[in-house]
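Trainee: Sequence plus the predicted model coming up.
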Amino acid sequence: MSTAGAVAAGTVHVSLRRQRIDVAGYVFSAILLLSLLFSLALLTVLVADQLVRGVPVFAERGTGLLTSPLSSNPAKAGVIQGLIGSALLASIVALTAFPVGILTAVYIEEYAPAGRLTRFIDINIRNLAGVPSVVYGLLGLAVFVAVLSKVGQANGANVITGGLTLSVLILPLVIITSAEAIRAVPNAIREAGYGIGASRWQVVRKLVLPSATPGILTGTVLALSRALGETAPLILVGAVLGSFSAGRSLADLFTGAYSALPVIVYDWARKPQDEFRALTSAAIIVLLLVTVIANGFAILLRNRYDRRW
Amino acid sequence: MTTMTPVMSRLQGTPRRRRNEGVVRAILLGASALSIAISVGIVLSLIFEAVTFVASIELPQLFSDGWFPRRGMFSLPTVIAGTLIITIVAITVAAPVGLASAIFLSEYASPTVRKVVKPILEILAGIPSVVLGFFALTWISPNVVQAIFTDAKGFSLLAAGIGVGILTIPLVASISEDAMRAVPMALREASYGLGARRITTSLRVVFPAAISGIVAALILAVSRAIGETMVVAIAAGASGGSLFTLNPVGPGQTLTGAMASLATGSDNVTGDSSAFLSLYFLGFVLFVMTLGLNLIGDIFVRRTRQRY
């Protein structure tokens, strides 16, 4: 080896080993981490703020807030109608949007021929997912409320129209997440099915859907939690703001006035009295518990069954 | 099909099986067609009532001094200006925080760190907007907005805009993170091979390579901010109508806020009055704006997918 070569190799060796402190790099990565922690800080402040205001309400009234009906008297007001309303809305959404959404996803991924119609359906669904929720409220008002009031349901502003509106709202989300889960199932599984003589539907029902279930479940739970937190479409299709007397019969539950947890939060948030501020925070704690539990369940499900094929 | 070989006809299956398959296919196609029916429903219900509204009023009413639907003042510039202010504030909050979070998650975080910090954004994304509206009104407004601008009102476009921005952080972060992770490893390796540091690789190699996805993230965030309703309805404070304003630290009205007020509270109206029909007109304007942005955003998203 010549001397010049040795010197060059030495220089390279030194510069590769040189431990210069990369100040800009450290500052940059610190900024990046801080901006992520900013979201965490926001979450903490948001939750702490509600706890500070809301926990005294629970301390004072126990579960009274959960079991009392709506009232204009802050000392007596409760969210029981909102809990019932939200539960009914969620059931209607689960019964309508889930089957339609999953079937649509199956069609798009497993049946649809690659053509113009399929592309159109696909683009259409992705654009529907971007339509603001309040616009779905207008659709509900123009279609569901109008139709249901024509078939004799008082003013048509009942939990069925609210549920159908939310259903339509989260349908694109259900379709997109289910389609992704179905797409992730490897083709080898389908080919194995066809190889032993299964029909297309048999392959879908017995092989593809079971393999895609964890993904579909995660997507549908997330969609449900989104529906539970939606307010804007419900106030457009006539969820009751203020108080109303609870229905006496079972039929009243479906055809009479209704409210929902987020709608109550909105209504109370607009009231200027300090007592209602505290009540709003207490109701928010209940709402957050419901949606965070649903979200956490979905994330857990995904992490648990996250399969790499 | 008369000259079918025995093998072919057996592969076709029994008539019963073929019939079942046909029924299943029809049901699935029907379910998919429903999504198209929904779009058609949205467009038709909006257009029909919006046209009725425009026909029922005089054109100058759309350019009056403010948005007071019960007094026949349907000022479009007022609600558009309010919407723009909200959107600008929201993007000013969401873009830096969201993009920095995305770079961290995609380029800096180890898989373990990623698994721990990513749920922060997912939980933030799951917070109902009505909760953020209340937070904007009761915490952001007094502790941030009024602390900085002493002349700010309790209700302000700025507080609502910050609230909307917080809501869109997860959207910006997740779409742009996806775009950055889609950048092939070879590009990073080439950069490191040339001796570039991680910061240079992130900002000069990965970021430009993922620019389509990042632009898409920002466009979709704008669209989301324009359409966000509850935060504005609670924290912007214009349920009694609003004069035209460009002042971000005072109350103001937006497209969505005006819709919420029309459906509830002081502007509450029903029947076939033009105030009620203006709801559909606002909805139509909102729909057109967000649809346009979403279509453009979609083009950018697809461009990232095709590049490599």
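Mentor: On my side now, so go ahead.
Trainee: And the strands in the stretch 51-200 of chain B?
Mentor: B:66-68, B:73-74 (DSSP state E, counting those that start in this stretch).
Trainee: quick one, helices of the stretch 101-250 of chain B?
Mentor: In the stretch 101-250 of chain B, the segments counted as helices under DSSP state H, counting those that start in this stretch are B:111-126, B:129-135, B:146-148, B:157-181, B:185-193, B:198-200, B:207-209, B:211-227, B:230-235.
Trainee: among those, which is nearest A:Tyr266?
Mentor: Proximity to A:Tyr266 (CB to CB) singles out helix B:129-135 among the helices of the stretch 101-250 of chain B, at 5.1 Å. Heads up, the C-betas are built off the backbone N, CA and C, glycines and all.
Trainee: any bit of that closest one sitting next to chain A?
Mentor: Yes. Contact between helix B:129-135 and chain A is present through B:129-135 (criterion: CB under 8 Å from any CB of the partner chain).
Trainee: Could you dump the residues you listed into a markdown table and include pLDDT and neighbour count?
Mentor: Below are those laid out as a markdown table (pLDDT from 0 to 100; neighbours: other CB atoms under 10 Å in any protein chain shown):
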| residue | pLDDT | neighbour count |
| --- | --- | --- |
| B:Ser129 | 94 | 26 |
| B:Val130 | 94 | 30 |
| B:Val131 | 95 | 31 |
| B:Leu132 | 95 | 26 |
| B:Gly133 | 95 | 29 |
| B:Phe134 | 95 | 29 |
| B:Phe135 | 95 | 28 |
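Trainee: Can I get these in a markdown table including distance to A:Thr231?
Mentor: Shown next, in a markdown table, are the residues of helix B:129-135 next to chain A (distance: CB to CB, whole Å):
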| residue | distance to A:Thr231 |
| --- | --- |
| B:Ser129 | 7 |
| B:Val130 | 4 |
| B:Val131 | 10 |
| B:Leu132 | 11 |
| B:Gly133 | 9 |
| B:Phe134 | 11 |
| B:Phe135 | 14 |
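Trainee: what residues does the stretch 151-300 of chain A put near chain B?
Mentor: Within the stretch 151-300 of chain A, the residues that sit near chain B (CB under 8 Å from any CB) are A:168, A:171-172, A:175, A:199-201, A:222, A:225-226, A:228-232, A:235-236, A:241, A:262, A:265-266, A:269-270, A:277, A:280-281, A:284, A:287-288, A:291-292, A:295, A:299.
Trainee: Buried subset of those as a ChimeraX selection?
Mentor: ChimeraX command restricting these to the buried ones, with burial defined by 16 or more other CB atoms under 10 Å in any protein chain shown:
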select /A:168,171,172,175,199,200,201,222,225,226,228,229,230,231,232,235,236,241,262,265,266,269,270,277,280,281,284,287,288,291,295,299
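Trainee: Out of the residues of the stretch 151-300 of chain A next to chain B, which sit inside helices?
Mentor: A:168, A:171-172, A:175, A:200-201, A:222, A:225-226, A:228-229, A:232, A:235-236, A:262, A:265-266, A:269, A:277, A:280-281, A:284, A:287-288, A:291-292, A:295, A:299 (DSSP state H).
Trainee: Quick check: pLDDT value at the closest residue to B:Lys153 other than its chain neighbours.
Mentor: Nearest-residue entry for B:Lys153: B:Gly250, 5.2 Å, with adjacent residues in sequence omitted and distances by CB to CB, 6 or more residues apart in numbering or on different chains. Listed pLDDT for B:Gly250 reads 86.
Trainee: Does B:Gly250 touch B:Gly154 like I think?
Mentor: No. Applying CB atoms under 8 Å, one finds B:Gly250 not in contact with B:Gly154, separated by 10.2 Å.
Trainee: so where is the stretch 101-250 of chain A shaky, pLDDT-wise?
Mentor: Along the stretch 101-250 of chain A, segments meeting pLDDT under 70 span A:152-156, A:242-243, A:245-250.
Trainee: next one: chain B
Mentor: By pLDDT under 70, the low-scoring segments of chain B are B:1-5, B:8-11, B:238-240, B:265-272, B:304-308.
Trainee: Give me the longest helix you can find in the chain.
Mentor: Just going to use chain A. helix A:23-61.
Trainee: hmm, I had chain B in mind actually
Mentor: Under DSSP H, chain B gives helix B:15-56 as its longest helix.
Trainee: hmm, that one in reach of chain A?
Mentor: Yes. Against chain A, helix B:15-56 shows contacts by CB under 8 Å from any CB at B:17, B:20-21, B:24-25, B:27-29, B:31-32, B:34-36, B:38-39, B:41-42, B:45-46, B:49.
Trainee: burial measure for the residue nearest to B:Ala81 when sequence neighbours are not counted, as a count.
Mentor: Once flanking residues are discounted, B:Ala81 sits nearest to B:Leu246: 5.9 Å by CB to CB, 6+ apart. The number of residues packed near B:Leu246 is 11, by other CB atoms under 10 Å in any protein chain shown.
Trainee: What residues of the longest helix of chain A count as buried?
Mentor: By 16+ other CB under 10 Å, the buried positions in helix A:23-61 come out as A:28-29, A:32-33, A:35-36, A:38-39, A:42-43, A:46-47, A:49-51, A:53-54, A:57-58, A:61.
Trainee: Find the centremost residue of chain A, please.
Mentor: The residue lying closest to the centre of chain A (CA atoms, centre = their mean) is A:Arg226, at 2.5 Å.
Trainee: any idea how far it is from B:Pro128?
Mentor: 9 Å (CB to CB, to the nearest Å).
Trainee: List the buried residues of stretch A:186-201.
Mentor: In stretch A:186-201, counting by 16+ other CB under 10 Å, buried: A:190, A:193, A:198-201.
Trainee: what does stretch B:152-169 give?
Mentor: Neighbour-count burial for stretch B:152-169 [16+ other CB under 10 Å]: B:152-153, B:155-169.
Trainee: distance between it and the chain's centre?
Mentor: 16 Å (CA atoms, centre = their mean, to the nearest Å).
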